[in-house]
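In: Return atomic coordinates for the entry below.
(chains A, B, C, D, E and F, ligands or ions: 6)
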Amino acid sequence: MGPLELLAANLLSPIVLSFALGVAAAWVRSDLKIPDDLYSALSIYLLLAIGMKGGVEISRFAPSQIVWPAIATVALGLGTAILDFGFLRRALRVSAVDAAALAAHYGSVSAVTFIACSQYLEAVTTPAEGFLPALVALLEVPAILIALVLGRSASNGSGEPMGAVIREVLAGRSIVLLVGGLVIGALAGKERFSPVAPLFVDLYRGALVIFLLEMGLTAGRRARELRRIGVGLLVFAVAAPLVHGLLGVGAGRLVGLSVGGCTTLGVLAASASYIAAPAAVRLGLPAANPGVPLTLAIAVTFPFNLALGIPLFHRLALWMAEGPR
Amino acid sequence: MGPLELLAANLLSPIVLSFALGVAAAWVRSDLKIPDDLYSALSIYLLLAIGMKGGVEISRFAPSQIVWPAIATVALGLGTAILDFGFLRRALRVSAVDAAALAAHYGSVSAVTFIACSQYLEAVTTPAEGFLPALVALLEVPAILIALVLGRSASNGSGEPMGAVIREVLAGRSIVLLVGGLVIGALAGKERFSPVAPLFVDLYRGALVIFLLEMGLTAGRRARELRRIGVGLLVFAVAAPLVHGLLGVGAGRLVGLSVGGCTTLGVLAASASYIAAPAAVRLGLPAANPGVPLTLAIAVTFPFNLALGIPLFHRLALWMAEGPR
Amino acid sequence: MGPLELLAANLLSPIVLSFALGVAAAWVRSDLKIPDDLYSALSIYLLLAIGMKGGVEISRFAPSQIVWPAIATVALGLGTAILDFGFLRRALRVSAVDAAALAAHYGSVSAVTFIACSQYLEAVTTPAEGFLPALVALLEVPAILIALVLGRSASNGSGEPMGAVIREVLAGRSIVLLVGGLVIGALAGKERFSPVAPLFVDLYRGALVIFLLEMGLTAGRRARELRRIGVGLLVFAVAAPLVHGLLGVGAGRLVGLSVGGCTTLGVLAASASYIAAPAAVRLGLPAANPGVPLTLAIAVTFPFNLALGIPLFHRLALWMAEGPR
Amino acid sequence: MKTTPLKLVTVVAESVLGDRICEEMRSLGAKGFTVSEATGEGSRGLRTSELGGKNVRIEAVVGPDAADRILERLAERYFPHYAIIAFVHDVHVVRGDKYV
Amino acid sequence: MKTTPLKLVTVVAESVLGDRICEEMRSLGAKGFTVSEATGEGSRGLRTSELGGKNVRIEAVVGPDAADRILERLAERYFPHYAIIAFVHDVHVVRGDKYV
Amino acid sequence: MKTTPLKLVTVVAESVLGDRICEEMRSLGAKGFTVSEATGEGSRGLRTSELGGKNVRIEAVVGPDAADRILERLAERYFPHYAIIAFVHDVHVVRGDKYV
Ligand SMILES: Nc1ncnc2c1ncn2[C@@H]1O[C@H](COP(=O)(O)O)[C@@H](O)[C@H]1O
Ligand SMILES: Nc1ncnc2c1ncn2[C@@H]1O[C@H](COP(=O)(O)O)[C@@H](O)[C@H]1O
Ligand SMILES: Nc1ncnc2c1ncn2[C@@H]1O[C@H](COP(=O)(O)O)[C@@H](O)[C@H]1O
Ligand code: NA
Ligand code: NA
Ligand code: NA
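Out: Ligands and ions are numbered 1, 2, ... in the order given. Prediction:
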């Protein structure tokens, strides 16, 4: 498939269309609402599923194969957060707490973007390393921590004590489910995992359709707030994923990941957190405006990555692997 | 299979039995309760699933094959609503607003009855046109609108402005999910739909079992209110589906639908709305008693169609197609 | 497989690991929370599923094959409850109402422990009689009733009238769903059940993983209360399942059940109720402390049976069948 | 706006009592009530939403006599053994004659 | 602690009115409101959580004039046809000038 | 019916504060509290139930001193940066000595 076909393939996938349906429903102010408990149930399910699937695969790799990608991932998290913080302070003159809040969101990761990327790679039959879910867990935390440190030192640190915030992040449900799933999968192994595969593997993609419907509804509702956000920040919400994605693909290449792996690392770096980061920032940097980063992450960066970023970083990874064709 | 066996096959299907279990549980005042969010989750799932499956199929038909069935469907919606309104006013001397409320419910459609009908047709291996889900969406709205107009002109129109009510109906969740699902299915196409089929196709019938358990619980609870409803209206709640069903099967025959298609159109016409119509009537005709139409639709007409109407209209469609045997 | 391998196989199964993850998450005070409605949805699903699967199988047995196991089951329920009550009164000097409350919990049954046992038997390819789910329903009620009678006569019966409590137990959701599912399965039969099997059979084990995550969270939270409970009761919470399990396996042997059947009857007798019993005891014996039996059942006895009891009673059943090897 | 001075009785209790308390209220003169879900903590420990541990929060607008009767009944029947709190305060109610 | 005496308006109504009542409140001077779910029973029968039968419970801290205007508007527009109850009482509010 | 006059403190706040506010209340003398879910709107915008945007509604029956201490603490620690409202009013409580 050429690049345009890959793009089309992505745009016409049920998950992207379902996201669009959610946006449209919010736009016509439909009374359609995904029940809160369904949303929670789906996120628990999806996080546990990627964890467990990753855990089952991870035993096939030697630790030595994983250590460099892991280091690259942590470096990406720290690097992109510091980069964003600096850029927002200097170029956009954002206050220290707000810059730190944005850096925490954008340096961290969105697990759903990761899942959408895996679906895309499956659809275009490009395999990726089985340990990638472990990298999602690794990428989630460092950016949040460094950003909180940056924001608090610049603002004389009001908010909860840093220790309490770190505890909150590490015991947060996305880490617990991802890491817990990895451990369960690794301990159970392929054979004992197979009886639960009908739920955790076969239904995975369908569940994502419903989850993205809710993401679309939320993005559509939040889109109304975009006009109150300055154009500088809107540009940031598109530029950041591009730059992060480029760094991510490059880092993947550097540590020897496959094309699928490079694509995934790029997409991970490009994605912005909307679960772990908001909660941590609210407690660690209460003076930061909580609405702006969340709106940008959900209503701009997430759809950007979902629709364009994924095929783009795939293209980039191909190009790095094979040279321009 | 002969007619009695078809009836038995229907009555012993898990979905009919599950409805009966719900009724029984309500009757013994069990503390069994389907959580609200599960009910909402299941209706979102079922509406999206019929939409998407219909959308995938619809591309196999030329628009010219669909246009006449579509016109017949709209005519059915308008016709049955006007018929009901006239009958209720004249024969039963129901007040204008209450007659209009009933006409809105009975002229519109119940998506779950449609699904039960599809299951039945599959079980008796009678195929039906793939575009029928689109007709569900088409049949939902016209009756509600005409009934509101009739009721409001007869009662000097209190309630929300008509424009607002129309907007509310069209942006209501059942239309959004059905039409949205159709569009997603049509755009994605069979191949891209297949990864999500394990959720949206394979689990469909099982999900219906749980949904009908809740319908049974609700019907059972509402059945207690039946004794406060006059016998005329009770007769209406059985006569209306019979007459509508006959008209629906006939209309299907007229526009050249298959036996399965005629059955389905009959069942659709015979079914009464309990989601879209109640909400619209509450806003458009607030003076109407909201309890009576809902109780009749759920506690009389729905079980009637589920248990008897579906095999009956199937029989009728067979008879029209093949003549009496 | 030798006994140690069987134990390992059980401890490394995804459901046991998932329970452990829940305990760990509660221990680190994670914000992970299974939504209430998801918990209810899963219990409805699991109860209905075991009921229906049992109902489909039950038609393959003659009533004469089931009557003795049924009698043994009722006797087990009554016997273990009376035994526990006497032991708690005499040996541990527990007050009459509290002893009765514990006897009601421990004489009754936990459906989830039954399910975990079925999974285990499948994993070790040991078949069990298809009518066992009916025994779960039978074992649930008698112990609760006899314990209430014992407790109320010893304490001059405050609380709701006994008739109301019995009604509440029999119309309780676990009985309604189990018995209702059995009837649906038996009436529908294998062929009509097959379209709903993808939901009720294939997803069963995966659903259990999520359910056990919640059980683990609850057990973990309740574990903090264990230090307030005397050591005598803690010993009871382990000794009771051992004694009951031994009686159960023996009773199974006596009435001619297979090794799988004996194991299951042992596990059923060893398990303690945490749904039906707590509700009934709260109404029938309001003076009893409701926290202690629930904490013991969930935080001690359930994990004990899940991790150790199941393989142990399997071993015991094997030994009784084949003699020591 | 013309309003009627009445009493609002609020009860929070373990959920197993929900239907019973509503029934008591009805029989003691409440013309209606509103129920919502809650969790809570009190002398009988944490009542989280876990397995059977939820609370119900019941409110009824009633006349002063009915308020008294309801509190009396609750105190007598449910306070000894169940997790429950009940309090009352004055409210001004639209179309208040409907509720006495 | 310095607090401001204000009014708390509480409305329980069938859920189809939820957004409309919030809108009315806003337009009549409420600077905010809190909404929760409820079920209930009243003269229009049981409003359980079944199909479309839930209630919303809306609270707004407002000044006395706004309270009056809100009750007036609700009584006029919604009391004739809808399942609804509304009442008001005095509260002491932290940082109360924010809400008038 | 003998009741004790006490204070009911009601707090509605963004949900991330839930556990913290309960903890503050406990440490300042509340013997119990009741928590429910809510959504709402205020000066910090709409707090719908979407992603992280819910509110908690916390009520505690306390003596007048504890009420004062609680409001003081909330005003000092949480009002500057968080979405929160707090108010207090008089209630008459059954078995009220339990709560002071
Ligand atoms: N001081 C209080 N203020 C508000 N609610 C309370 C208070 N004490 C108890 N409650 C509520 O009443 C329930 C039962 O209390 P108790 O009987 O003290 O365990 C608790 O779970 C709380 O929801
Ligand atoms: N006396 C009352 N006390 C508390 N809530 C009430 C009362 N009467 C009615 N309600 C609530 O208001 C709703 C509508 O009442 P109604 O318009 O009387 O049917 C009911 O569903 C209850 O939630
Ligand atoms: N005037 C009000 N009346 C009732 N609740 C309010 C009011 N203002 C704010 N709230 C609640 O308090 C939360 C936080 O308010 P705020 O800090 O003003 O954004 C809102 O989400 C509402 O739930
Ligand atoms: Na990132
Ligand atoms: Na119809
Ligand atoms: Na037992």
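In: what about the longest helix in the chain?
Out: Picked chain A for this. Ranked by number of residues, the top helix in chain A under DSSP state H is helix A:63-90.
In: looking at chain D here, not the other one
Out: Ranked by residue count under DSSP H, the longest helix found in chain D is helix D:64-77.
In: What are the buried residues along it?
Out: By 16 or more other Cβ atoms under 10 Å in any protein chain shown, the buried positions in helix D:64-77 come out as D:66-71, D:73-75, D:77. (Each C-beta comes from the backbone N, C-alpha and C, glycine too.)
In: Tabulate those residues (JSON lines), appending distance to chain E and pLDDT.
Out: Below are these laid out as JSON lines (distance: Cβ to the nearest Cβ, whole Å; pLDDT from 0 to 100):
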{"residue": "D:66", "distance to chain E": "15", "pLDDT": "97"}
{"residue": "D:67", "distance to chain E": "14", "pLDDT": "97"}
{"residue": "D:68", "distance to chain E": "19", "pLDDT": "97"}
{"residue": "D:69", "distance to chain E": "18", "pLDDT": "97"}
{"residue": "D:70", "distance to chain E": "15", "pLDDT": "97"}
{"residue": "D:71", "distance to chain E": "18", "pLDDT": "97"}
{"residue": "D:73", "distance to chain E": "18", "pLDDT": "96"}
{"residue": "D:74", "distance to chain E": "18", "pLDDT": "96"}
{"residue": "D:75", "distance to chain E": "23", "pLDDT": "95"}
{"residue": "D:77", "distance to chain E": "20", "pLDDT": "92"}
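In: Figure out the helix or strand that residue D:35 lives in.
Out: Under the criterion of DSSP states H and E, residue D:35 resides in strand D:33-42.
In: what's the offset of that strand from the middle of its chain?
Out: 10 Å (Cα atoms, centre = their mean, to the nearest Å).
In: Is there contact, residue-wise, from stretch A:38-51 to chain B?
Out: Yes - using Cβ under 8 Å from any Cβ of the partner chain as the criterion, contacts between stretch A:38-51 and chain B involve A:38, A:41.
In: just to revisit the earlier point, packing partners of the longest helix of chain A?
Out: Under the contact criterion of 3 or more Cβ pairs under 8 Å, 6 or more residues apart in numbering or on different chains; DSSP states H and E, helix A:63-90 touches helix A:96-107, helix A:132-154, helix A:231-254, helix A:259-270.
In: And the longest one, how far out from the chain middle?
Out: From the chain centre to the centre of helix A:231-254 is a distance of 12 Å (Cα atoms, centre = their mean).
In: got it, and the last one?
Out: Taking Cα atoms, centre = their mean, the mean C-alpha location of helix A:259-270 is offset from the chain mean by 11 Å.
In: could you give the angle of that helix to helix A:63-90?
Out: Between helix A:259-270 and helix A:63-90, the angle comes out at 30 degrees (axes from the mean of the first three to the mean of the last three Cα atoms, to 10 degrees).
In: which strands and helices sit next to helix A:259-270?
Out: Helix A:259-270 sits against helix A:63-90, helix A:111-123, helix A:132-154, helix A:231-254, helix A:310-322, with contacts defined as 3+ Cβ pairs under 8 Å, 6+ apart.
In: of all of the stretch 201-325 of chain A, which residue lies closest to chain B?
Out: residue A:206 (2.3 Å; Cβ to the nearest Cβ).
In: Grab the nearest non-local neighbour of that residue.
Out: Counting by Cβ to Cβ, 6 or more residues apart in numbering or on different chains, residue A:206 lies nearest to residue B:199, which is 2.3 Å off, once chain neighbours are set aside.
In: residues contacting that neighbour?
Out: By Cβ atoms under 8 Å, 6 or more residues apart in numbering or on different chains, the contact set of residue B:199 is A:203, A:205-207, A:209.
In: for the chain, which spans come out with low pLDDT?
Out: Assuming you mean chain A. Counting by pLDDT under 70, chain A contains low-confidence ranges at A:1, A:156-158, A:324-325.
In: think we crossed wires, I meant chain D
Out: Under the criterion pLDDT under 70, the flagged ranges of chain D are D:46-53.
In: got the contact list for whichever residue of it sits closest to ligand 3?
Out: Using Cβ to the nearest ligand atom, the closest approach of chain D to ligand 3 is made by residue D:36 at 15.0 Å. Contacts were defined as Cβ under 8 Å, 6+ apart; by that measure residue D:36 touches D:56-57, E:36-39, E:57, F:36.
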